[in-house]
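**Student:** Sequence and predicted structure are below.
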Amino acid sequence: MNQDVGKENLNEWNNDNTVENNNLLQATMEYVVKRPPKPAGCRMGPYLQFVTTDLENMFWIGSIVIFRHISYRRPTIEFTAEVKIAYDWEILYENLLSIRAYRINLNIKLPNGNDDENID
């Protein structure tokens, strides 16, 4: 059931959809915002990001991003876990619209499992 698509068939397809495409290009003037955007809140986050797993050294590698107003001090973070967690702080943006962006790079040691579970 092969159908050859020639140049003339493509032109017919384009001509058939011209009216639809023109309707999509019309500007909408109903919801015009006449104010500046609202400022960001004083704090946002934390947002966790998985990066990868290092199966040779058995680490989960990821990061946490936290946003704070520049008038705030650097937030503190505390981990309560039985596994080893290594982290370091980094400032991504010192002053981005009066917001400071912090990233915490995480390395979490993956514990050995008790037993392997067979999946059929």
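**Tutor:** That came through, no problem.

**Student:** In this protein, where is pLDDT below threshold?
**Tutor:** Of all residues in the chain, those with pLDDT under 70 make up the ranges 1-29, 116-120.

**Student:** so where do the helices sit in it?
**Tutor:** Remark: helices assigned in the chain by DSSP state H are 7-16, 18-24.

**Student:** give me the beta-bridge partners of the residue nearest to A81 when sequence neighbours are not counted?
**Tutor:** Distance criterion Cβ to Cβ, 6 or more residues apart in numbering; nearest residue to A81, sequence neighbours excluded, is I108 at 7.7 Å. C-beta here means a position set from N, CA and C on the backbone, and glycine is covered the same way. Beta-bridge pairing of I108 under DSSP bridges involves W60, I85.

**Student:** mind listing what I108 touches?
**Tutor:** Residues near I108 by Cβ atoms under 8 Å, 6 or more residues apart in numbering: 59-62, 81, 83-86.

**Student:** now the residues you listed in JSON lines, with distance to G45 and neighbour count?
**Tutor:** Output for the contacts of I108, formatted as JSON lines (distance: Cβ to Cβ, whole Å; neighbours: other Cβ atoms under 10 Å):
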{"residue": "F59", "distance to G45": "23", "neighbour count": "18"}
{"residue": "W60", "distance to G45": "19", "neighbour count": "16"}
{"residue": "I61", "distance to G45": "19", "neighbour count": "15"}
{"residue": "G62", "distance to G45": "14", "neighbour count": "16"}
{"residue": "A81", "distance to G45": "20", "neighbour count": "9"}
{"residue": "V83", "distance to G45": "23", "neighbour count": "12"}
{"residue": "K84", "distance to G45": "24", "neighbour count": "12"}
{"residue": "I85", "distance to G45": "18", "neighbour count": "14"}
{"residue": "A86", "distance to G45": "20", "neighbour count": "10"}
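
**Student:** Which two among these are spaced furthest apart?
**Tutor:** I61 and A81 (15.6 Å; Cβ to Cβ).
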